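Participant: Give me a 3D structure for the following:
(chains A, B, C and D)
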Protein chains: 2
Amino acid sequence: MSASTPIPAPDGDARTRLARAALDAFAARGFHGTTTRDISTAAGMSPAALYVHHRSKEELLFGLSRDGHERVLELVRASVARSVDPVRQLGDLVEDFVRDHAVAHTGARVVNYELAALSEEHRAQILEIRHQIDLVVREVIDRGVASGAFATPDPRMTASAVLSLGIDVARWYRDEGRWSPEEVAAHYRLLALRMAGANAPGPA
Amino acid sequence: MSASTPIPAPDGDARTRLARAALDAFAARGFHGTTTRDISTAAGMSPAALYVHHRSKEELLFGLSRDGHERVLELVRASVARSVDPVRQLGDLVEDFVRDHAVAHTGARVVNYELAALSEEHRAQILEIRHQIDLVVREVIDRGVASGAFATPDPRMTASAVLSLGIDVARWYRDEGRWSPEEVAAHYRLLALRMAGANAPGPA
DNA sequence: AGATGGTAAGCAAGCGCTTAGTCAAGGACA
DNA sequence: TGTCCTTGACTAAGCGCTTGCTTACCATCT
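Facilitator: Next comes the predicted model:
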């Protein structure tokens, strides 16, 4: 035969398959509601295989949480980098953030609601990334208030609320639901700009 | 002795102590992360005592969830009943809802984030109460749009987002945090009215 | 005496994780 | 070319412990 590839498994290599199975299981039943047998069986392997590729169940969760958070941090930084106008920056940020939380709501659930299951040190690392995400939003709103584009009596709480609104999308969004990710993202862009007190939200 | 009371235990009767211990534990570590020994020990009893007062760990969760949801449903209905002006109704509703989710964030976490651990039938009962809560908010916004007091391209999604914003308070609020429940409630009132497109939010 | 509210002890099942080993692929060398 | 040895992925079996829950019994009230 001419095939020289190292025979890829049906859906990626074993390590990736285990990680994806864990993500789905954690999202559906939570960290403590998921057994190592759930994960390995879903990945088509024996329970011991999990420990060939990952040190423990907790470290598997940590890896998923860290990767997910870093992806979101890059996402919001990229949104803000696309322009200099705070109104457009906030709109883009919220639209991208919300779309992502709707599309990837399975991963976002693990990322946002399983922090308590992490070890002390791992949770601290994650909270640091979350802080960076918070800073991005806060700075956009602060600049908008400084320039007069936004008006809000408490910019910090408004920033917190805007992020909060987007995070909760991961909790309630369903694939078979009433709205597409794009529809939610577009409407939430408007809502966030109103929250910030933008005078003329503009079309896009 | 003159005391005729039936010797109340340090913090309420046994059933209540167990329920409160369960609520704290479920909020801190989740349903599956909590053992029946955690609960009974925190209530100052042996593991078997839990089954004298409650049928199972799941039914204990269900009771907490049902009571919590019914309390919130009564709360929002009372908020709306205090006036007839949609602007004031939505403002009062959000203010009361958010204050409650900040003050009672422990209970609200269980109520909002442990639904997956319930049995099929129990979860269905809870979802019905949640639907009633949703309807209250939706009707207030619909009436505001009809009267011209509100302006939003998708009243239904706006209603969903307003509730969502309040629910997420339970996730991030901390007692030792930056803001008092009253401060968050007041600011969120403004945010919700802006989201709904109220022209003049008014003072209170 | 019966009802009420509690406990000590423990059962069957399930948990995270480990151990000891199988098996296929690949390089080294006679 | 054939044989040996190493390496890496994987599993069967199971260890020690914990889980939710039950049973059999006891103390205290009315």
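
Participant: Near chain B, which residues of chain A are found?
Facilitator: A:28-33, A:112-113, A:116-117, A:153-154, A:156-158, A:160-161, A:164-165, A:167-169, A:171-172, A:178-179, A:183-184, A:187-188, A:190-191, A:194-195, A:197 (CB under 8 Å from any CB of the partner chain). (Each C-beta comes from the backbone N, C-alpha and C, glycine too.)

Participant: Buried among these? Make that a PyMOL selection.
Facilitator: Under the burial definition 16 or more other CB atoms under 10 Å in any protein chain shown, those of these that qualify are selected in PyMOL by:
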select buried, chain A and resi 30+31+32+33+112+113+117+154+157+158+160+161+164+165+167+168+169+171+179+184+187+188+190+191+194+195+197
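
Participant: Burial check on the nearest residue to residue A:54 once chain neighbours are set aside, number of neighbours?
Facilitator: In this structure, residue A:54 finds its nearest non-sequential neighbour in residue A:60, 4.5 Å apart by CB to CB, 6 or more residues apart in numbering or on different chains. Other residues lying near residue A:60 total 24 when counted by other CB atoms under 10 Å in any protein chain shown.

Participant: Same question for residue A:49.
Facilitator: Counted with other CB under 10 Å, residue A:49 comes out at 18.

Participant: per-domain residue ranges of chain A.
Facilitator: What automatic domain parsing lists as the domains of chain A is A:7-54, A:56-196.

Participant: what's the average pLDDT for the host helix or strand of residue A:122?
Facilitator: Per DSSP states H and E, residue A:122 falls inside helix A:120-147. Average pLDDT, helix A:120-147: 98.

Participant: in it, what counts as buried?
Facilitator: Counting neighbours by 16+ other CB under 10 Å, helix A:120-147 gives A:122, A:126, A:129-130, A:133, A:136-138, A:140-141, A:143-145 as buried.

Participant: Quick one: mean pLDDT over the helix or strand where residue A:51 lies.
Facilitator: Assessed by DSSP H and E, residue A:51 sits inside helix A:49-53. If you average the pLDDT over helix A:49-53, you get 95.

Participant: now do stretch A:86-97
Facilitator: 98.

Participant: Go ahead and name everything in contact with it.
Facilitator: A:72, A:75-76, A:78-80, A:82-83, A:136-137, A:140-141, A:143-144, A:147, A:149-150, A:162-163, A:166, A:185-186, A:188-189, A:191-193, A:196, A:198, A:200-202, A:204 (CB atoms under 8 Å, 6 or more residues apart in numbering or on different chains).

Participant: ChimeraX command to pick out the buried ones of those residues?
Facilitator: In ChimeraX, a selection of the buried entries from these looks like this (16+ other CB under 10 Å):
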select /A:72,75,76,79,80,136,137,140,141,143,144,149,150,162,163,166,185,186,188,189,191,192,193,196,198,201
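
Participant: In strands, which of the contacts of stretch A:86-97 fall?
Facilitator: Taking DSSP state E, every one of those sits outside strands.

Participant: Tell me which of the contacts of stretch A:86-97 fall in helices.
Facilitator: Judged by DSSP state H, helices contain the following of these: A:72, A:75-76, A:78-80, A:136-137, A:140-141, A:143-144, A:147, A:162-163, A:166, A:185-186, A:188-189, A:191-193, A:196.

Participant: who's in contact with the nearest residue to residue A:24 once chain neighbours are set aside?
Facilitator: Leaving out its chain neighbours, the residue that sits closest to residue A:24 by CB to CB, 6+ apart is residue A:106, at 6.3 Å. Counting by CB under 8 Å, 6+ apart, residue A:106 makes contact with A:23-24, A:27.

Participant: Wasn't residue A:55 part of a helix?
Facilitator: No. Read with DSSP: H, G, I helix; E, B strand; the rest coil, residue A:55 is coil and lies in no helix.

Participant: Please look at residue A:137 and residue A:158 and confirm they touch.
Facilitator: No. Using CB atoms under 8 Å, residue A:137 is not in contact with residue A:158, being 9.2 Å away.

Participant: circling back to that earlier point, kindly state the pLDDT recorded for the residue nearest to residue A:24?
Facilitator: 97.

Participant: try residue A:62
Facilitator: pLDDT, residue A:62: 97.

Participant: That one: how many residues sit nearby?
Facilitator: That count, for residue A:62 with other CB under 10 Å as the rule, works out to 22.

Participant: secondary structure element for it?
Facilitator: helix A:57-81.

Participant: Does DNA strand D have contacts with that helix?
Facilitator: No. On the criterion CB under 7 Å from any atom of the strand, helix A:57-81 is out of touch with DNA strand D, staying 12.8 Å away.

Participant: any bit of that helix sitting next to DNA strand C?
Facilitator: Yes. Counting by CB under 7 Å from any atom of the strand, contacts between helix A:57-81 and DNA strand C involve A:57-58.

Participant: so the helix or strand just after that helix versus helix A:57-81, what angle?
Facilitator: Going down the chain from helix A:57-81, the next helix or strand is helix A:86-103, by DSSP H and E. Inter-element angle recorded for helix A:86-103 and helix A:57-81: 150 degrees (by axes from the mean of the first three to the mean of the last three CA atoms, to 10 degrees).

Participant: Quick one: work out the angle between helix A:86-103 and helix A:120-147.
Facilitator: 150 degrees.

Participant: can I have helix A:86-103 written out in CSV, keeping just the CAs?
Facilitator: Taking Å, rounded to 0.1, in the frame of the first residue of the first chain, the C-alpha atoms of helix A:86-103 are listed here in CSV:
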residue,chain,number,x,y,z
PRO,A,86,-14.2,51.7,22.1
VAL,A,87,-17.8,51.4,20.8
ARG,A,88,-16.7,49.1,18.1
GLN,A,89,-14.2,47.3,20.4
LEU,A,90,-16.9,46.5,23.0
GLY,A,91,-19.4,45.5,20.3
ASP,A,92,-16.9,43.2,18.6
LEU,A,93,-15.7,41.7,21.9
VAL,A,94,-19.2,40.9,23.1
GLU,A,95,-20.3,39.6,19.8
ASP,A,96,-17.3,37.3,19.5
PHE,A,97,-17.4,36.2,23.2
VAL,A,98,-21.1,35.4,23.1
ARG,A,99,-21.0,33.6,19.7
ASP,A,100,-18.1,31.5,21.1
HIS,A,101,-20.0,30.7,24.3
ALA,A,102,-23.0,29.6,22.3
VAL,A,103,-21.1,27.5,19.7
